[in-house]
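J.: Only the shape, not the letters, is given here:
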């Protein structure tokens, strides 16, 4: 007997799951961008060399006598390669025996959810690791509040803006005492725990990869993002992935009858980092405040934030 019209079949449910993965990842990425102040992710081809930008130069004396030639102020843009952007590929396979033993939801769906979380974890790790830069400015203070305030002041000078929106990356242990005694709300975005307007100084993002007693700080407008579209036309011609209009991630679930496994493949290539290396402060908690940046250090700030 033929199946009824509009019967919901297993293949229909598989596509719904894939769409859900894509939508969930896109939503989480949007919240991450809002948290870091990234206005948009710029699409790039796989293999493109990404570069940090900085601007150096000297402002000449503007006191010019009537009729004299105005001296030229010379500035130049310095680009520092930080590596190629690539399209990450991940796959998992669940055997028929595992599905029979644990059930489909636990053996396939829950492991796919965990895999998606781990992909997000890789992106978080990349963001945090990119904040360690040779020769970056430093800040310090006797306690957490003093150290963060010192970093805020350094960034206000560097970016020549006392209203700079600052984001700090700290080890959770360094604000644990504040969380225990104050009415502070900890929120979540893309797997990051964060506190908005911490001590009136800016957004604090908590991550255990930051060594306790240290932190990193930068301006939100200093963060830029790129990605390799996982829904690229030529890929779509060759592979049956499910994605959305952004192409931030692509998912394909299928059955391998040769091995009798339920397979899942994920594609994504996102890179978010601080564009201006001189605009990332490395801080230390428990030391006397460091010297303020010089005028030369402060002059290489927001002009470099093109992200191109």
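T.: Nice, I can see it. From a predicted model like this one, the values you see are computed outputs, not experimental measurements.

J.: where does this protein have low pLDDT?
T.: Along the chain, segments meeting pLDDT under 70 span 1-14, 162, 287-308.

J.: okay, now the domains of it?
T.: According to automatic domain parsing, the chain comprises the domains 10-57+79-129+227-269, 138-224+272-296.

J.: Let's have those in JSON lines, adding distance to residue 67 and mean neighbour count.
T.: Placement of C-beta: from N, CA and C, glycine included. Putting the domains of the chain into JSON lines (distance: least, C-beta to C-beta, whole Å; neighbours: other C-beta atoms under 10 Å) gives the following:
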{"stretch": "domain 10-57+79-129+227-269", "distance to residue 67": "26", "mean neighbour count": "16"}
{"stretch": "domain 138-224+272-296", "distance to residue 67": "29", "mean neighbour count": "19"}
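
J.: who wins for proximity to residue 70 among those?
T.: Closest to residue 70 of the domains of the chain is domain 10-57+79-129+227-269 (C-beta to C-beta; 15.8 Å).

J.: any chance you could map the helices in this structure?
T.: Listed in chain order, the helices of the chain (DSSP state H) span residues 10-36, 96-102, 104, 110-129, 144-158, 176-181, 233-238, 295-298.

J.: Pipe those helices into JSON lines and attach distance to residue 44 per row.
T.: Listed next are these as JSON lines, based on distance: least, C-beta to C-beta, whole Å:
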{"stretch": "helix 10-36", "distance to residue 44": "16"}
{"stretch": "helix 96-102", "distance to residue 44": "38"}
{"stretch": "helix 104", "distance to residue 44": "38"}
{"stretch": "helix 110-129", "distance to residue 44": "15"}
{"stretch": "helix 144-158", "distance to residue 44": "27"}
{"stretch": "helix 176-181", "distance to residue 44": "39"}
{"stretch": "helix 233-238", "distance to residue 44": "15"}
{"stretch": "helix 295-298", "distance to residue 44": "30"}
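
J.: Relative to residue 273, which of the ones you listed is closest?
T.: Residue 273 sits nearest to helix 110-129 of all those, at 6.9 Å, using C-beta to C-beta.

J.: Just the angle for that closest one relative to helix 10-36, thanks.
T.: Angle between the axes of helix 110-129 and helix 10-36 is 20 degrees (criterion: axes from the mean of the first three to the mean of the last three C-alpha atoms, to 10 degrees).

J.: List of residues touching helix 110-129?
T.: Outside helix 110-129, the residues that touch it by C-beta atoms under 8 Å, 6 or more residues apart in numbering are 17, 21, 24-25, 28, 32, 36, 88, 90, 92, 94, 169, 190-192, 207, 209-210, 216, 249, 253, 264, 266, 268, 270-273.

J.: Just the ones in strands from those residues, please.
T.: 88, 90, 92, 94, 169, 192, 216, 253, 264, 266, 268, 270-273 (DSSP state E).

J.: Sort out which one of those lies nearest residue 75 for me.
T.: residue 273 (23.0 Å).

J.: Enumerate every residue touching that closest one.
T.: Applying C-beta under 8 Å, 6+ apart to residue 273 gives the contacts 50, 52, 82, 126-127, 130-131, 223-224.

J.: Filter those down to the ones in strands?
T.: Those of the contacts of residue 273 mapping onto strands are 50, 52, 82, 223-224, per DSSP E.

J.: Export the residues you listed as JSON lines, with columns for distance to residue 64.
T.: As requested, these are exported to JSON lines (distance: C-beta to C-beta, whole Å):
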{"residue": "50", "distance to residue 64": "41"}
{"residue": "52", "distance to residue 64": "35"}
{"residue": "82", "distance to residue 64": "40"}
{"residue": "223", "distance to residue 64": "39"}
{"residue": "224", "distance to residue 64": "37"}
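
J.: so which of those residues would you say is closest to residue 233?
T.: residue 50 (22.6 Å).

J.: show me what contacts that closest one?
T.: Taking C-beta under 8 Å, 6+ apart, one finds 44, 81-85, 226, 271, 273 in contact with residue 50.

J.: Including distance to residue 73, could the residues you listed go into a markdown table?
T.: Formatted as a markdown table, the contacts of residue 50 follow (distance: C-beta to C-beta, whole Å):
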| residue | distance to residue 73 |
| --- | --- |
| 44 | 33 |
| 81 | 27 |
| 82 | 29 |
| 83 | 33 |
| 84 | 35 |
| 85 | 34 |
| 226 | 31 |
| 271 | 33 |
| 273 | 29 |
